[in-house]
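Student: with the input below, show me the fold.
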Amino acid sequence: MRNETVRHDITVVGGGLAGVCAAIAAARLGRSVALINNRPMLGGNSSSEVRVWVCGATGHGKNHHAREGGVMGELFVENQFRNPEGNPYYWDTVVLDAVRAEPNITLHLNTDVREVDAEGPDDARRITAVTGWTMGSERLIRFESEVFLDCTGDGLIGYLAGARHRIGREARAEYGEPWAPETADDITLGSTLLFYTKDAGRPVKYVPPDFAKDISTTSIPQRRIIKAGDNGCAYWWIEFGGELDTVHDNEQIRDELWSVIYGIWDHIKNSGQFDADTMTLEWVGSLPGKREYRRFLGDYVLHQGDILGQTEFADRVAFGGWSIDLHPPQGMYSTAAGAKQRYADGVYHIPYRSLYSVNTANLLFAGRDISASHVAFGSTRVMATCATIGQAAGTAAALCAERGIAPRELDVTLLQRALLREDASVIGLASDDPADLALRATATASTTMRDLTVDTPDETWPLTADAGIVLPVDPALTGLELLVDAEHDTVLTVDLYDPELGQNYVPRRLVATVSLDVAAGHGQWVKTGLEWAPDTPRNAFAVVRAAPGLALRVADRPTPGVLCFTRVPLRPQDESPQPLREWADTGLLRRTFCLRAGETAAFAPGRAVDGYARPYAGPHMWVSQPLGESREAWLELAWPEPVELGRIDIVADDDVNEDLINLHHHRTPFDTIPTLLRDYRVEVPDGPDSWRVLARVTDNRRRRRTLVLDEPVTTSAVRIVAESTNGAASAHIVAVRAYA
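Tutor: The predicted structure is shown next:
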């Protein structure tokens, strides 16, 4: 046995996605980081030990342009390339590779922290060290740091340090939450075990263990969906323990979950109700995936009103978009639905004040233990959201360690600038980083997409339900034409709405309505005459009302900045109104209704240097005309006086509307995002009519590339020359940043 003491700028305890992203973020800012995890692998509930989908703000595609960026976005895109089939072991290696790529991170796996040294009165605690035991190596390690991050999920580190926290549900009156109970209690969401099956190709018998539960004696077969071909997270509802203590009763909860899993498999194999003769169990989890335990108290407690009202916090540092998703305390034994869900109209913001302790000066936290009410936690708890919070907390920790200050003392503007510079998940903020020379440059391009026209129909779309079209309005909508088929003389009615918030893609405020007579006939271009000139660029949502015998035409290709929807009915259990559920891209993902919307400035070169790196009230990127064969396109930044460049960041378009996932929820039909630049070069002037190549990138599959020059270059211009894409017709560049 060895006793050791190590010192780092920052200690991160917990190797789930929140801890991983926190550690990577801090390490990239030059801080030394100890990342400690009590399991043999990283990823937490997403790892091959537990195998939960990494869900996030997209809500399985219900939210739009909502996939997480930053470190979590890198993991999604890299996993899509390496692991399109969703192998959980491949996902483990994607996460581990990302951590090992950072030389400033020292990784300690199989290391269980159970001792915390902290000092000070109850209202001013400070952590000095944590001690962990590394199994197998017999190492007792004391970790000393100036800043600590609790990313344990259960909040053990903060608890041992004396950080204020809560367990259970707040009373309805405390935060005015309609979904909270009248009286506070200690009920939480339960834990889940999952299982995988496979077809053995020959008959396989199944003899259940003695501890398997006869589920026919429970309400499970009547109240939950059981299918022979389902596995993994399709069985998320195998949940138990909400009325117990999910930590101290963990083994009891695990045993109950095991008994039900083997009982469900006995039911599938031996009840005679399923075609499962050749099916067998491939894997059964042994580590319960916990949903909830301690939630720390910060200077702000995020609550239901903030999520559904999409509160625009001045100190926002991350975003979420999953529904408020609360489960009955009885879990799988409840006779109620397995989940009660409510979506906001779009993504919502998470404030920095919810990421540090109200009474422990040098403690930040990220993941499901942040400062949120039980109801708000029902949304923030999903892993991709936890990961974005992790990047925010890790960035804050790095800035605090660099300056020798407590998290509460950190200038939020500095934090937001650092997050935007690192491409983190912050919505609706434009970078104003004084170090970014690109913000002072004038952008021009070889060509630009200026016309929103889609006129290559592949299929008809009968208007049996309302259709929706989102398109950018920049600076004005001067008319909208639609390609329609009419079986008989009829009326086409179109409503034009303002989504109001830049992150929303649902109709909210009615701007105008037109009704037009349409004669019988096919392939007719109908001019709606709709016009709108908002004060600032934004999106418009056009609702084409359902009409018997009327159909739109659809092109089998996506169009930058345009989204198309159909209206679907709410489920009986859904609260109304809930427009995010009502407007779905089912059958329309990566497709566009044929339309003519006139000229637009939404894809002008200047959009790549406007400080935004995500869609917000418009696409915020430069898009060229189609490249065609052997044709290049370039984006140029020019300064009135020469500047010295040492680093250039290029942010390509990884299409954050595309819903990626780590495991097996759905199969995306490509390994590399088509809109990403594949081959490109960076050039500076080398004489009156020539350019010198500074760097060349080939076979690119990443959103963000940071080019650090061997020696600084003094120049009055820089060009990014797109040679090819990964499938898109045009070159897309979201942002270019330039630093001395």
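Student: burial count for the residue nearest to residue 334 when sequence neighbours are not counted?
Tutor: Sequence neighbours aside, residue 328 is the residue nearest to residue 334 in space, at 3.7 Å (criterion: C-beta to C-beta, 6 or more residues apart in numbering). (C-beta placed from N, C-alpha, C; glycine too.) By other C-beta atoms under 10 Å, 21 other residues sit near residue 328.
Student: my read is that residue 328 contacts residue 336, right?
Tutor: Yes - taking C-beta atoms under 8 Å as the definition, residue 328 is a contact partner of residue 336 at 4.8 Å.
Student: remind me what the helix or strand of the chain with the lowest mean pLDDT packs against, helices and strands.
Tutor: For the chain, counting by mean pLDDT, DSSP states H and E, helix 220-223 ranks last in confidence among helices and strands (a mean of 92). On a contact count with 3 or more C-beta pairs under 8 Å, 6 or more residues apart in numbering; DSSP states H and E, helix 220-223 meets helix 250-270.
Student: and the nearest residue to residue 265 once chain neighbours are set aside, what is it in contact with?
Tutor: Among residues not flanking residue 265 along the chain, residue 281 sits closest, at 6.0 Å (C-beta to C-beta, 6+ apart). Counting by C-beta atoms under 8 Å, 6 or more residues apart in numbering, residue 281 makes contact with 195, 196, 197, 206, 265.
Student: are any of those residues buried, and which?
Tutor: 195, 197, 265 (16 or more other C-beta atoms under 10 Å).
Student: for residue 294, state which of those is nearest.
Tutor: Closest approach to residue 294 among these (C-beta to C-beta): residue 195, at 28.4 Å.
Student: now the strands: where do they sit in the stretch 101-250 of the chain?
Tutor: Taking DSSP state E, counting those that start in this stretch as the test, the strands found in the stretch 101-250 of the chain are 105-108, 111-119, 126-134, 139-144, 147-150, 165-166, 191-192, 195-199, 239-240.
Student: what's the angle from the fourth one to strand 126-134?
Tutor: Counting by axes from the mean of the first three to the mean of the last three C-alpha atoms, to 10 degrees, strand 139-144 lies at 160 degrees to strand 126-134.
Student: and the gap between residue 331 and residue 460?
Tutor: From residue 331 across to residue 460, the span is 46 Å (C-beta to C-beta, to the nearest Å).
Student: the two - which one has more neighbours?
Tutor: The neighbour comparison of residue 331 against residue 460 (other C-beta under 10 Å) goes to residue 331, with 23 against 15.
Student: tell me the bridge partners for the closest residue to the more buried one other than its chain neighbours.
Tutor: Nearest non-adjacent residue to residue 331, counting by C-beta to C-beta, 6+ apart: residue 239, 3.7 Å away. On the basis of DSSP bridges, residue 239 is bridged to residue 192.
Student: what's around residue 239, how many residues?
Tutor: Neighbour number of residue 239 under other C-beta under 10 Å is 28.
Student: ok, now the one 4 residues further on?
Tutor: Other residues within reach of residue 243 by the criterion other C-beta under 10 Å amount to 17.
Student: state the distance from it to residue 560.
Tutor: 50 Å.
Student: try residue 686
Tutor: From residue 686 to residue 560 the distance is 32 Å (C-beta to C-beta).
Student: these two - which one has more neighbours?
Tutor: Set side by side, residue 686 and residue 560 show more neighbours around residue 560, with 21 against 11, by other C-beta under 10 Å.
Student: give me the buried stretch members for the strand or helix carrying residue 644, please.
Tutor: According to DSSP states H and E, residue 644 maps onto strand 633-652. Neighbour counts over strand 633-652 (16+ other C-beta under 10 Å) mark 633-637, 639, 643, 645, 648-652 as buried.
Student: redo those as CSV? Include distance to residue 546 and pLDDT.
Tutor: Below are the buried residues of strand 633-652 laid out as CSV (distance: C-beta to C-beta, whole Å; pLDDT from 0 to 100):
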residue, distance to residue 546, pLDDT
633, 40, 97
634, 45, 98
635, 42, 98
636, 47, 98
637, 47, 98
639, 53, 98
643, 56, 97
645, 55, 97
648, 50, 98
649, 46, 98
650, 44, 98
651, 40, 98
652, 38, 98
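Student: save those residues as CSV, and put in distance to residue 475 too.
Tutor: Below are the buried residues of strand 633-652 laid out as CSV (distance: C-beta to C-beta, whole Å):
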residue, distance to residue 475
633, 24
634, 25
635, 21
636, 23
637, 23
639, 26
643, 30
645, 32
648, 30
649, 28
650, 27
651, 24
652, 26
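Student: ok, back up a step: out of the strands of the stretch 101-250 of the chain, which one sits most buried?
Tutor: strand 147-150 (a mean of 33; mean count of other C-beta atoms under 10 Å).
Student: same for that one, what does it pack against?
Tutor: Against strand 147-150 (3+ C-beta pairs under 8 Å, 6+ apart) you get strand 10-13, helix 156-161, strand 363-365, helix 383-403.
Student: out of these, nearest to residue 713?
Tutor: Between those, helix 383-403 lies closest to residue 713; by C-beta to C-beta that is 27.7 Å.
Student: next structured bit after the closest one?
Tutor: Following helix 383-403 toward the C-terminus (DSSP H and E): helix 412-421.
Student: quick revisit: tell me the strands beside the strand holding residue 644, with direction?
Tutor: When DSSP bridges is applied, strand 633-652 pairs with strand 442-445 (antiparallel), strand 704-725 (antiparallel), strand 732-739 (antiparallel).
Student: any idea how far the residue nearest to residue 331 lies from residue 18?
Tutor: Counting by C-beta to C-beta, the gap from residue 239 to residue 18 is 21 Å.
Student: burial count for residue 61?
Tutor: 18.
Student: would you map the helices across the protein?
Tutor: Along the chain, the stretches classed as helices by DSSP state H are 17-28, 70-82, 88-100, 156-161, 172-175, 220-223, 250-270, 304-308, 374-380, 383-403, 412-421, 579-582.
Student: and of these, who's closest to residue 358?
Tutor: Residue 358 lies closest, by C-beta to C-beta, to one member of these: helix 156-161, at 10.7 Å.
Student: and the closest one, what does it pack against?
Tutor: Contacts defined by 3+ C-beta pairs under 8 Å, 6+ apart place helix 156-161 against strand 111-119, strand 126-134, strand 147-150, strand 363-365.
Student: now the angle from the first one to strand 126-134?
Tutor: What that stands for is strand 111-119. Using the same axes, to 10 degrees: strand 111-119 against strand 126-134 is 160 degrees.
Student: strand 111-119 - contacts with which helices or strands?
Tutor: strand 126-134, strand 139-144, helix 156-161.
Student: and that strand, how far out from the chain's middle?
Tutor: Distance of strand 111-119 from the chain centroid (C-alpha atoms, centre = their mean, to the nearest Å) equals 31 Å.
Student: average pLDDT across it?
Tutor: The average pLDDT within strand 111-119 is 98.
Student: the second one now?
Tutor: Taken as a whole, strand 126-134 carries a mean pLDDT of 98.
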